[in-house]
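**Student:** just the structure for this:
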Amino acid sequence: MNMNRDKVILKKIIDYADDIEGFISDDKLSKELFVNDVKSQYAINMCVLQIGEIANKFSAEFILKHTYIPWKKIISLRHKVVHSYYKINMDEIWDIATNHIPELKQECKKILKTL
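**Tutor:** All right, here's what the predicted structure looks like:
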């Protein structure tokens, strides 16, 4: 396991999660505002994309040790954002941004404390 690389990846995921939370709170975004604001969609989708991209860089040992986190879904969402942008469901992205990303951030922080 490349612990240093895995630590860097965890920190980056936390940073992107912080960015998403900041976009939502700074702009006082609601779901309704988000689905109608292309700029906010681009900002949040870029962070989701980046989380999926760097999650794909974890060592195999790290992924096997932390199977309770849906890494495959996170990575596949990145592919969906990149390759099917016009088909992205903004309601789904909002749910991910407001529910799943904060959970992922907390799990990453817990893992980071153990490394």
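**Student:** which residues sit against stretch 67-81?
**Tutor:** Residues outside stretch 67-81 that contact it (Cβ atoms under 8 Å, 6 or more residues apart in numbering): 45, 48-49, 51-53, 55-56, 58, 63, 87-88, 96, 104, 107. Every residue, glycine included, has its C-beta placed from N, CA and C.
**Student:** let me redo that: stretch 38-47
**Tutor:** Outside of stretch 38-47, the residues within contact range by Cβ under 8 Å, 6+ apart are 16-17, 19-20, 23-24, 27, 29, 33-35, 81, 85, 88, 90, 93, 97.
**Student:** make a ChimeraX selection of whichever of these turn out to be buried.
**Tutor:** Taking 16 or more other Cβ atoms under 10 Å as the burial criterion, the selection of buried members of the contacts of stretch 38-47 in ChimeraX is written as:
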select :16,17,19,20,23,24,29,34,35,81,90,93,97
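**Student:** please narrow the contacts of stretch 38-47 to those residing in strands.
**Tutor:** Cross-referencing those with the strands (criterion: DSSP state E) gives no overlap at all.
**Student:** so which of the contacts of stretch 38-47 sit within helices?
**Tutor:** Counted as lying in helices by DSSP state H, out of the contacts of stretch 38-47, are 16-17, 19-20, 23-24, 33-35, 81, 90, 93.
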